[in-house]
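K.L.:
Okay, sequence plus prediction incoming.
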Amino acid sequence: MASTLPDPTLCFVTNREQTGGRPLDVIVEAAVDGGVNMVQLRERDLPGGHLLNWAFRLRKITTGKALFIVNDRIDIAMLSGADGVQLGEEGIKIRDVRRIAGNSLMLGRSVHSLESAKIATWDGADFLVVGTIFPTGSHPGGVTAGPELISEIRDATDVPILAIGGVDETNIQQVTSAGANGAAVITAISRRPDPKSAAQLLLSLMSNRSDA
C-alpha cells in the first residue's frame, strides 16, 4: 500500500464550481498550506485528458505534503502517481482493482449503510467514506444519516472512517466523537474567504475533539 491515513485526516474534495470564482489549484494550495492532508480530485464532468491534466497539477501541489486520491478513475490515479482511489458504493470491486494496481494504491469505498461498510471491509477497503451525515447544499432535501451511522460502523470495523456530507466547523467534532478518523469536505473550505484559515480551524477542532 502506498500510505496510511494521517490521524486525524482532513480531506478536501474538489469541485471547481464551488470556489467562488477562484482557480481550483489556488484553493487546493491554500487548503494544503492550512493543513489539509488528503486531497481528492472529483471533477466528474471532465473528459479523461482534462482530468489527467488536473491530476498532474494537484499531484505536484500535494507531493510531500498531503495524500492525493482520485475519484473512481483507476487509470488517472496510476498515470498521475496518485496515492489512492476513492471508489463509489456501486463501483468496481476492490479485489478487481488490486488485480490492476496491486498494492500501489490506497483504496477507499463510499458507503451509506452498515451493511455496505461490512461488505467493503470484507472486500479489503483501506478506508471508508461514510455519508451523507448532515444536510448539504449539493443534495438539498436528501436523506441524512447523522453521526449515529458512524458509531454503528465504528463498532463493526477497525477500517479508518471519513465522514462526508455537510461537515463543517459547526459539527465536525460530532463526527470525530462518534468514531470517525476524519472528514471529507468541499464548501467548508472552498467557499470560505480564506481557505487556509478554514482548513486550520477544521483540523484544530478535530485534533481537540470532545467526547461529550
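P.N.:
The structure has been received and is ready for your questions. Just so you know, these numbers come straight off a predicted model, no measurement behind them. Numbers count the residues shown, from 1 in each chain.

K.L.:
so where is this structure shaky, pLDDT-wise?
P.N.:
Residues of the chain meeting the criterion pLDDT under 70: 1-3, 137-142, 209-212.

K.L.:
helices or strands next to the helix ranked longest in it in the packing?
P.N.:
Assignment by DSSP state H gives helix 48-62 as the longest helix of the chain. Under the contact definition 3 or more C-beta pairs under 8 Å, 6 or more residues apart in numbering; DSSP states H and E, helix 48-62 sits against helix 24-33, strand 38-41, strand 67-71, helix 74-80. Quick note: C-beta positions are derived from backbone N, CA and C, even for glycine.

K.L.:
Please produce a markdown table containing those, extended by mean neighbour count.
P.N.:
Compiled in a markdown table, those are given as follows (neighbours: other C-beta atoms under 10 Å):
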| stretch | mean neighbour count |
| --- | --- |
| helix 24-33 | 20 |
| strand 38-41 | 26 |
| strand 67-71 | 25 |
| helix 74-80 | 19 |
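
K.L.:
For stretch 88-104, which residues meet the burial criterion?
P.N.:
Within stretch 88-104, the residues that count as buried by 16 or more other C-beta atoms under 10 Å are 91, 94, 97, 101.

K.L.:
Could you list which of those residues belong to helices?
P.N.:
94, 97, 101.

K.L.:
mind listing what the helix or strand containing residue 109 pairs with, with the direction of each?
P.N.:
For residue 109, the element it lies in under DSSP states H and E is strand 106-111. Sheet pairing for strand 106-111, assigned by DSSP bridges, gives strand 84-87 (parallel), strand 127-130 (parallel).

K.L.:
Single out the most deeply packed of those.
P.N.:
Sort those by mean neighbour count, taking mean count of other C-beta atoms under 10 Å, and strand 127-130 sits at the top with a mean of 27.

K.L.:
excluding its backbone neighbours, what's nearest residue 169?
P.N.:
The spatial neighbour of residue 169 that comes closest, neighbours along the chain excluded (C-beta to C-beta, 6 or more residues apart in numbering), is residue 201 at 5.4 Å.

K.L.:
any idea how far residue 175 is from that neighbour?
P.N.:
Separation of residue 201 from residue 175 (C-beta to C-beta, to the nearest Å) stands at 15 Å.

K.L.:
Which one's more surrounded, those two?
P.N.:
residue 175 (29 against 19; other C-beta atoms under 10 Å).
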